[in-house]
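Chemist: Structure for this input, please:
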Amino acid sequence: MTFLLVLLTIGITGFWFWRGMSTGVRTETGGRVLKLPWARIPIGLAIGIVVSGILGGFGTVPTGHRGIHLRWGAATGKVLGQGIYFVMPFVENVYKMSVQVKALHTKAAAASKDLQNVSTEVTLNYSVQPDKASTLFNDVGANYEKTIIEPAVLEAVKATTANYNAENLITERSLVKDVLYERLSTRLATHGIAVDAVSITDFTFSPEFTQAIELKVTATQNALAAENNLKKVRFEAEQAVAKAKGEAEAIRIQVQAIQQQGGKDYVALKAIERWDGKLPTYMLGSNTLPFVNIPSGTK
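Modeler: Next up is the predicted model:
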């Protein structure tokens, strides 16, 4: 914008100078003598500066931004909304500050409660509160992200990590994220910055601790597999015992029935159940015909 205003000033000055050259000086014979109008240069320059200054007072605040009104470089506390504005040329200016949600990616190294070195990658989504934009600019400046947000994230990560063992940082990740969110929201709100979300994208531990975790996971998986196998063996043993008990109970009932009803009749009953209905081919004596008992004296 400044470059365009300089070009406009030069253009107006040049045009004014050219108009003076084209006018010239008229002679007594009616002719015209070209005369360089050097005196017109300051006038043209002054006109160019005035016109450029007036045009330079106009501007626009884009969508998702607020205009911080400045007078002699200092914030006046006035915040301009989106759209066209006009300020006093050369005296007032407007700094356009974004109030859209931004993402800050950072990595913080800290020590856990059990003194393990942990590197945490955090993504912070934040935005400047529109009504606090002028105060933030006046108190901190335009480089507020480097000045207050990054140090706040690093401090919050260190303070939170120190309250958890390294292993718990993994198992209680969602809880750690909530604690970080509360810490950062409270601290940054004092500067007019709203925290939209906090995401823990990665935890990195020392190689020794990572290997220990892997060994522990493997041991846990092996123990779980052994426990499942033991449960299977116990189940199969319980099934075998139940089956044996059932068979023993069946035998006991049969023996009891035999004792109550007479063994000879029970054996005969079992023989009848197994007989295929065929008579024997050869008869040996009077007792070879199965299952037939003919009393003596019967005709």
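Chemist: Skipping its backbone neighbours, what lies nearest residue 192 in space?
Modeler: In this structure, residue 192 finds its nearest non-sequential neighbour in residue 132, 2.5 Å apart by Cβ to Cβ, 6 or more residues apart in numbering. Where you see a C-beta, it was placed from the backbone N, CA and C, and this is true even at glycine.
Chemist: Now do the same for the one you found: its pLDDT.
Modeler: The confidence metric pLDDT takes the value 89 at residue 132.
Chemist: Helix, strand or coil: sort out it for me.
Modeler: Classification of residue 132 by DSSP: H, G, I helix; E, B strand; the rest coil places it in helix.
Chemist: Please report the distance of it from residue 88.
Modeler: 25 Å (Cβ to Cβ, to the nearest Å).
Chemist: Settle it for me: which of those two has more neighbours?
Modeler: Each of residue 132 and residue 88 has its neighbours counted (other Cβ atoms under 10 Å); residue 132 has more, 19 against 10.
Chemist: contacting residues around the more buried one?
Modeler: 191-193 (Cβ atoms under 8 Å, 6 or more residues apart in numbering).
Chemist: So which of those wins on neighbours?
Modeler: residue 193 (24 neighbours).
Chemist: Do you have the strands of the chain handy? List them.
Modeler: 25-26, 32-33, 58-61, 65-71, 74-80, 83-86, 92-98, 102-111, 117-128, 193-205 (DSSP state E).
Chemist: deepest of those, which one?
Modeler: For these, the largest average neighbour count (mean count of other Cβ atoms under 10 Å) is found in strand 65-71, namely a mean of 20.
Chemist: So what are the sheet partners of that one and their directions?
Modeler: strand 74-80 (antiparallel), strand 92-98 (antiparallel) (DSSP bridges).
Chemist: report the angle between the axes of that strand and strand 117-128?
Modeler: For strand 65-71 against strand 117-128, the angle by axes from the mean of the first three to the mean of the last three Cα atoms, to 10 degrees is 80 degrees.
Chemist: for the record, mean pLDDT for strand 65-71?
Modeler: 87.
Chemist: The residue nearest to residue 127 when sequence neighbours are not counted: neighbouring residues, count only.
Modeler: Excluding the flanking residues, the one nearest residue 127 by Cβ to Cβ, 6+ apart is residue 101, at 4.7 Å. Residue 101 is flanked by 13 other residues according to other Cβ under 10 Å.
Chemist: Please determine how far residue 101 is located from residue 251.
Modeler: For residue 101 relative to residue 251 (Cβ to Cβ), the value is 81 Å.
Chemist: And for residue 82?
Modeler: 95 Å.
Chemist: the more surrounded of those two?
Modeler: Each of residue 82 and residue 251 has its neighbours counted (other Cβ under 10 Å); residue 82 has more, 15 against 10.
Chemist: doesn't residue 63 make contact with the more buried one?
Modeler: Yes: when contacts are counted by Cβ atoms under 8 Å, residue 82 is listed as touching residue 63 (5.7 Å).
Chemist: Report pLDDT for residue 4.
Modeler: 50.
Chemist: Same question for the one 4 residues further on.
Modeler: Reading off the confidence values, residue 8 has pLDDT 50.
Chemist: Now do the contacts for residue 145.
Modeler: Residues in contact with residue 145 (Cβ under 8 Å, 6+ apart) are 102, 104.
Chemist: mind running it again at 10 Å?
Modeler: Residues near residue 145 by Cβ atoms under 10 Å, 6 or more residues apart in numbering: 102, 104, 124, 126, 193.
Chemist: Hmm, residue 113 is touching residue 172, no?
Modeler: No: Residue 113 is beyond contact range of residue 172, at 11.9 Å (criterion: Cβ atoms under 10 Å).
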